[in-house]
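Colleague: pasting a predicted model and its sequence here:
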Amino acid sequence: MYDIIAQYPLSAALVALTGLSVVFGAVLGYAAIKFKVEGDPIVEQIDKLLPQTQCGQCGYPGCRPYAEAIANGDTINKCPPGGQTTINAIADLLDVEAPSLDEEHGEESDVKTVAYIREDECIGCTKCIQACPVDAILGAAKLMHTVIVSECTGCDLCVEPCPVDCIDMLPVAKGPGDWKWDMPATTEEQIKNLHSHDIIATDQNNNDNGKQDGGNAS
Amino acid sequence: MRKVWDLIGGVHPPENKHQSVQSCIGTLPLPEKLIIPLNQHIGAPPKLLIAEGDSVLKGQVLAEPNGMVSAGIHAPTSGIISEISAHSIPHPSGMAARCITLVPDGHDRWADIKGVENYREHSPEELLDVIRQAGIAGLGGAGFPTAVKLGTQQPISTLIINSSECEPYITADDMLIREHAKDIVEGIKILSFILGEPEEILIGIEDNKPEAYEALEPYLQDTNIELVEFTTRYPSGGEKQLIQILTGKEVPNGGLPADIGIVCQNIGTTYAVQRAIQQGEPLISRVTTVTGNACETNKNYLVLIGTPISHLLEHSGFDQSKCPRLIMGGPMMGFTVEDLNIPVIKTTNCILAPTGEELPTPPPAQPCIRCGMCAEACPASLLPQQLFWHAQSHNYEHLEAHNLFDCIECGACSYVCPSNIPLVQYYRAAKGEIRKLSLEKINSDRARERFEFQKTRKEKEEAGKAVKREARKKAAEQARAKKANNPSGNTETSPADDIIKAAMARAEAQKASPQEQRAKLERGIVRAESHLESVQKRLNTLEQDATEKQREQALAALEDAQLRLKDAQQKLADLTLPSDTNVSNTEKTVMEKSQASPREALEKKIATLKERIVITLKKIAEADDESLKTALQNGLEKQQTKLKDTEQQLAETPAQTNESTTTPETENAAAAAIARAQAKAADQASMSDEDKLKATVESLQNRLIKAQEKLASAESEGSEHIDAFRSGVEKLQAKLTAAEAQLAQETQ
């Protein structure tokens, strides 16, 4: 064996390299079939970041179509409900510069709203039911309709088709349960307007004698 | 002596407990009114049982627990419910929530309450129900319903009673032990009975409360309850920290103490359980410390739940000018309150009114110097520095990876920080943000699921319709083929064929004898009538679930059948004066139809439509059957709209261009709405405010006109929705005038 290799170093090398390439080619080919990824994973990832209001303000009929459009190179700043947070997240995912929201598609609003049907005025035309992208409106022809508040994404699409104008977009009521602490003030401007409840648990000036006291007590 | 483990980390803030332990627990006169928030605990708010204006007795149930994790509330004294409305509550947000306002009548009359005589004769479940009904929630601070905690299904080997009270200033538990040691020990025995007599019962107490220790000790002789004293260090009173100190065990990440066979109860809760079981007294009062140099008297009070803190402070000689911020809770974990009308609730253990010198506002934060003192102080063994960086950069993934949710928010890190960075506030804010995001994620996932479901459902419907359409087309083709083979086949073929056939038949008929012709025509009438009937039947069934397009087709078929019937009748009448023109006329129309340009075709269509309308009107007048009449009226409406449409089309159709006459109705309403909304958004983006207003006015005017038209048609039909339409018009008018007024203002 060794003799043959020593005798024909060039052909031996060639044979070895060919053998290796055949083996690796086979492995890669097998892997390509066995572990084939169905669909476009990037679309899924973008879709997960979008707010799923299905409002169509981006110009696509729903969040997923917009995710597909982004994957195909559309700009990422067309989603007003998601706002800057969503744009940043998508920019992070796609590793691009985060642009600011395109005002042409609407403005970002801080207040979450839900649709509310004034039920005594509803004539039961079912037009809003057909327009709702998430089936959040209940009702039948010539019967009163109502919105399932927990399912409503606040997309606004039901307001326009209503022939008697009985749908309002109401802001969601906020209670102490929805409240959360703010980040501490960092800029001087913020510190000036500070609410005193932002500061607690730091009686720093007493720190030194505090340590002495504690030491004595223990 | 039992082995005691060391607290990890921790700090020694000045205790300041001596001020409030000089005198015994005091009581206060009844306040003018009591404000009792409905939700004073973790979990679902309880269900109201009373209404405004009711008079209640002391201890009467005001609201009963609603759901598993819930606790009831009771009247702290007798009086009248004056109001049930939103009132500011003790919460760091300073927000308002639903509260019951009770005006005491001054008699303090008890409702009929009765304790359990010998609790050992009852099952633990019964006792748990008593605790639940008594509205007892953890009095230590978190307010978790006690019955839920005690009702654990895990086997419990250790019961820990927490009387550590590690936070500075607070002495409520200390004083409670000093004065009610006997009842507390009785309460511990009840808890132990409910939990199935655990092997170990420990009372954890810091070594800065020797009086409390001495008060408890005599009652613990001849019991298996062990009193364990350990070094004072903040935050030894945290549930997980106390378990660590007393047993050396750690509660698993994200788990509960019950997972390692331990239940921990606050000493105040233990006392409340004893009162509830043996006296039948619900949780209507608690011991609260009122302290701080801005108050003349620093002491503990037995306060009725719902007492406004202003009442407490008034009786303690509170000087508002000396106190820059009033704190509910301790100086480490408490929160600032701005409204003095907020009530004392089940979890209020301290009202702290410090002077500016006593608890100064911390100096501004400096940059982090990476000294690592926070990591040493952290009782949960976290890395506060790392958490701080990630919280600052809103890097929530990393925060969770660094176990942010194991942080107990004790504030030890902020306390030791030499740069005065308010670390714990960063963690609180980040936790809130992460909770909010995860909630949003759940909601958006659900919305996505519903959207996809709707999409597949619509696709399915569409596919079903396509299959049906295909089947119908096939059937029609078959019928045609059959008829081609058999020329004298029935009339159910396409209209064009029909017309030709009919014309040929008529021509034939003309050649036949008058009798034959008559018979034939009569047969034709019968056939046409039956056809009309079947078409109407189909229309009726379609009315329910058909699309616009299908309905229109059916209506067209109906009209067609009616026309044919009319024709046949006419023929029969004309039979006496037969003429050649008949044949040539029909043939001519068919020819014209097939050869005419689109414009001519449209003109023709309009003409025939007008004719049809006239015919239908006549028919309506003639019709005697009610259902037929309504059907005809429907048909008439359709014809009118069609006429309008066609006229519109004619106006749009330039001579000799062939535009499709009907737009496909594949777009659904949602797509149309999206398109409209988009166009509007695009317009508005490019417009100035004034233009925007003008556009609004214009669109409102359009909508008003539309609505008025609708109203008019509704009135003429006598529709049942007239009122709705009318109110819609009125509303639109109001909106329009408002918009116009605004516009006028704007232009000025």
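Modeller: Right, received. Where do you want to start? Numbers count the residues shown, from 1 in each chain, chains lettered A, B, ... in the order given.
Colleague: low-confidence ranges in chain A?
Modeller: A:186-218 (pLDDT under 70).
Colleague: quick test: name the residue nearest the centre of it.
Modeller: A:Leu49 (2.4 Å; Cα atoms, centre = their mean).
Colleague: how far away is it from chain B?
Modeller: Going from A:Leu49 to chain B by Cβ to the nearest Cβ, to the nearest Å gives 9 Å. Where you see a C-beta, it was placed from the backbone N, CA and C, and this is true even at glycine.
Colleague: can you say which helix or strand has the residue nearest to that residue when sequence neighbours are not counted in it?
Modeller: Nearest residue to A:Leu49, sequence neighbours excluded (Cβ to Cβ, 6 or more residues apart in numbering or on different chains): A:Ala89, at 4.7 Å. Following DSSP states H and E, the helix or strand that holds A:Ala89 is helix A:83-94.
Colleague: who touches that helix?
Modeller: A:42, A:45-46, A:49-51, A:70, A:76-77, A:79, A:97-101, A:108 (Cβ atoms under 8 Å, 6 or more residues apart in numbering or on different chains).
Colleague: in the longest helix seen in chain A, what's buried?
Modeller: Of all the segments of type helix in chain A, defined by DSSP state H, the longest one is helix A:9-34. By neighbour count on 16 or more other Cβ atoms under 10 Å in any protein chain shown, the buried set for helix A:9-34 is empty.
Colleague: before we move on, back to that, what about the residue nearest to A:Leu49, how many residues nearby?
Modeller: For A:Ala89, the tally of surrounding residues (other Cβ atoms under 10 Å in any protein chain shown) stands at 18.
Colleague: how about B:Gly204?
Modeller: Using other Cβ under 10 Å, B:Gly204 is surrounded by 24 other residues.
Colleague: could you export the helix holding A:Ala89 as CSV, CA atoms only?
Modeller: Extracted in CSV, the C-alpha atoms of helix A:83-94 (Å, rounded to 0.1, in the frame of the first residue of the first chain):
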residue,chain,number,x,y,z
GLY,A,83,-44.6,51.8,15.9
GLN,A,84,-40.9,52.4,16.4
THR,A,85,-40.6,49.3,18.7
THR,A,86,-41.6,47.0,15.9
ILE,A,87,-39.4,48.8,13.4
ASN,A,88,-36.4,48.5,15.7
ALA,A,89,-37.1,44.8,16.3
ILE,A,90,-37.3,44.0,12.6
ALA,A,91,-34.3,46.1,11.8
ASP,A,92,-32.4,44.1,14.5
LEU,A,93,-33.6,40.9,12.9
LEU,A,94,-32.7,41.8,9.4
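Colleague: strands paired with the helix or strand just after it, and their directions?
Modeller: Using DSSP H and E, the helix or strand that follows helix A:83-94 towards the C-terminus is strand A:113-117. Its sheet considered, strand A:113-117 pairs with strand A:167-171 (antiparallel) by DSSP bridges.
Colleague: on that earlier part again, quick one: which of the contacts of helix A:83-94 is nearest to chain B?
Modeller: For the contacts of helix A:83-94, the closest approach to chain B (Cβ to the nearest Cβ) belongs to A:Pro51, at 5.6 Å.
Colleague: pretty sure B:Met328 sits against B:Ile351.
Modeller: Yes. Using Cβ atoms under 8 Å, B:Met328 is in contact with B:Ile351, at 6.2 Å.
Colleague: what about those two, which has more around it?
Modeller: Each of B:Met328 and B:Ile351 has its neighbours counted (other Cβ under 10 Å); B:Ile351 has more, 27 against 22.
Colleague: looking at this, the more buried one is in a helix?
Modeller: No. The assignment for B:Ile351, made by DSSP: H, G, I helix; E, B strand; the rest coil, is strand rather than a helix.
Colleague: show me the contacts for it.
Modeller: Contacts of B:Ile351 (Cβ under 8 Å, 6+ apart): B:288-291, B:309, B:312-313, B:326-328, B:344.
Colleague: do the same with B:Ile156
Modeller: Shown here is B:Ile156, whose contacts under the criterion Cβ under 8 Å, 6+ apart are B:195-196, B:198, B:258, B:261-263.
Colleague: how near is it to chain A?
Modeller: Per Cβ to the nearest Cβ, B:Ile156 is found 31 Å from chain A.
Colleague: for B:Asn443, same thing?
Modeller: B:Asn443 sits 8 Å away from chain A, going by Cβ to the nearest Cβ.
Colleague: check the secondary structure at that residue for me.
Modeller: helix.
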